[in-house]
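Asker: With the input below, show me the fold.
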Amino acid sequence: MSLLEIMIALLIGSLLILALVQVFAASRTAYQMSEGMARVQENARFAMDFLQRDIRMAGHYGCVNDQSHLQKEGSLEIHLGAVGDLGNPLNFGVSVVGYEAPNTGPEDTVQIGEGGDLPAGLPATIQALEPLPGSDILVLRYLGTRGAPVTNIVDTGSEEILTLADGSWGALTTDGVAEPTFFGVADCTYVDVFAGSSAGGEGVVTVNIAPTSADTTDLIGRYTPQPSGQSMLYRAESLVYYVAISKASGNPALFRARYLGGAYEAEELVEGIENMQLLYGLDRVADLATAPPSGYISVRQTAGDISAANEAVGWRRVGMVQVGLLASSPNLAAAEQAEARNVLGVDFTPPAENDRLYRASYEATIALRNRLYGN
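Answerer: Model (predicted):
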């Protein structure tokens, strides 16, 4: 072959290789974008599923919900010294409490990557979890989804011991909680929340309540064991949902912390959740001291608005929670965010420098079915 023929062959080969490189690059970009979108959708669905399940349980106090118990004086007793302090993890008199990050209300604008501030009045127990500034925080309290029938209550003189039906202990050890420390015993008239111990063996719970002759504090005087009565024992749940930095990946993630043994124990649920925004629907009955809630939502407020007015009454009025999540792809997705992502009225504008992450917003409106008193 002549030199000219070799040069033409090299030129044609180079053009073919260049075309292949272009096709490969385009395919790789499309794959990264597709994978980023899929991961964002998957993570957001997973996060929403956890949030919806636990939010719906707020106010579950056995046969009768917390709103009904609060209308009848003496039917709800909390033996944990937490009454009146909304920030105490064991204040089961208030089933839902939120904390609003400053400057993240509807119609506010937040630039992604600029950070922010922690909510005002955040309890030290939650600050210890190292939540990410600029994101709202949600606290939920309720009795677990599954209960164990109480078949006997014994008064030892210094404490009370509850015996459960055979094979029912597993109902109290779901979600990886092998040794519950807080319990609630309930029937269709009363509910008591207390610290307890299962050291006596599976199916036997020792209650840290000194028996008295008063029905308001003495379990043996308030509850009739099964099969004659309807007494059930539940695990008492005190949960915190928040956004923090994952120690495994270094990316923002949704966390859930459960109060056990005197402190919150954090659990990473799903990565890629950059921010959580919350709004609360309040019952149209404003004065719950004189009338029960109606079950109809008439106003929507942030946690800051509720706390600024009358937080003790305001949080009892909550019957609906709106959740908004800003989710991002865990890995580079060859994306460029050109417009703001709106989350419950908050505009999250693109970061100062393109980080090539795909982002999307997701919202859900969740009824607290145990708190819709009139329905």
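Asker: Strands of the stretch 251-375 of the chain, start to end?
Answerer: Remark: strands assigned in the stretch 251-375 of the chain by DSSP state E, counting those that start in this stretch are 252-260, 263-271, 273-283, 297-301, 318-328, 341-343, 346-349, 359-367.
Asker: Any chance of CSV for these, columns mean pLDDT, mean neighbour count and distance to Pro225?
Answerer: Every C-beta, even on glycine, is put in place using the N, C-alpha and C of the backbone. Listed next are the strands of the stretch 251-375 of the chain as CSV, based on pLDDT from 0 to 100; neighbours: other Cβ atoms under 10 Å; distance: least, Cβ to Cβ, whole Å:
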stretch, mean pLDDT, mean neighbour count, distance to Pro225
strand 252-260, 95, 22, 27
strand 263-271, 94, 17, 32
strand 273-283, 95, 25, 36
strand 297-301, 91, 16, 39
strand 318-328, 94, 24, 34
strand 341-343, 92, 20, 49
strand 346-349, 93, 19, 51
strand 359-367, 94, 17, 34
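Asker: Mind putting those into CSV with distance to Pro149?
Answerer: Formatted as CSV, the strands of the stretch 251-375 of the chain follow (distance: least, Cβ to Cβ, whole Å):
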stretch, distance to Pro149
strand 252-260, 24
strand 263-271, 28
strand 273-283, 33
strand 297-301, 35
strand 318-328, 30
strand 341-343, 44
strand 346-349, 46
strand 359-367, 29
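Asker: To Pro133, which of those strands lies closest?
Answerer: Pro133 sits nearest to strand 273-283 of all those, at 10.4 Å, using Cβ to Cβ.
Asker: Can you give the distance from the closest one to the centre of its chain?
Answerer: A distance of 11 Å separates the centroid of the chain from that of strand 273-283, by Cα atoms, centre = their mean, to the nearest Å.
Asker: Leaving out chain neighbours, which residue sits closest to Asp166?
Answerer: Gly203 (6.8 Å; Cβ to Cβ, 6 or more residues apart in numbering).
Asker: next one: Leu219
Answerer: Glu160 is the one closest to Leu219 (Cβ to Cβ, 6+ apart), at 5.2 Å.
Asker: List phi and psi for the one you found.
Answerer: Dihedral pair for Glu160: phi -120, psi 140, per degrees, to the nearest 10.
Asker: tell me the contacts of the residue nearest to Asp166?
Answerer: Residues near Gly203 by Cβ atoms under 8 Å, 6 or more residues apart in numbering: Ala148, Thr163, Leu164, Ala165, Asp166, Ser168, Trp169.
Asker: Tell me if I'm right that the residue nearest to Leu219 and Ile209 touch.
Answerer: Yes - using Cβ atoms under 8 Å, Glu160 is in contact with Ile209, at 6.0 Å.
Asker: Rounded mean pLDDT for the lengthiest strand in the chain, please.
Answerer: What stands out as the longest strand in the chain, according to DSSP state E, is strand 137-155. Mean per-residue pLDDT for strand 137-155: 92.
Asker: Quickly run through the sheet partners of the helix or strand that it is followed by, with directions.
Answerer: Downstream of strand 137-155, the first helix or strand assigned by DSSP states H and E is strand 160-164. Partner strands and pairing direction for strand 160-164 (DSSP bridges) are strand 137-155 (antiparallel), strand 204-207 (antiparallel).
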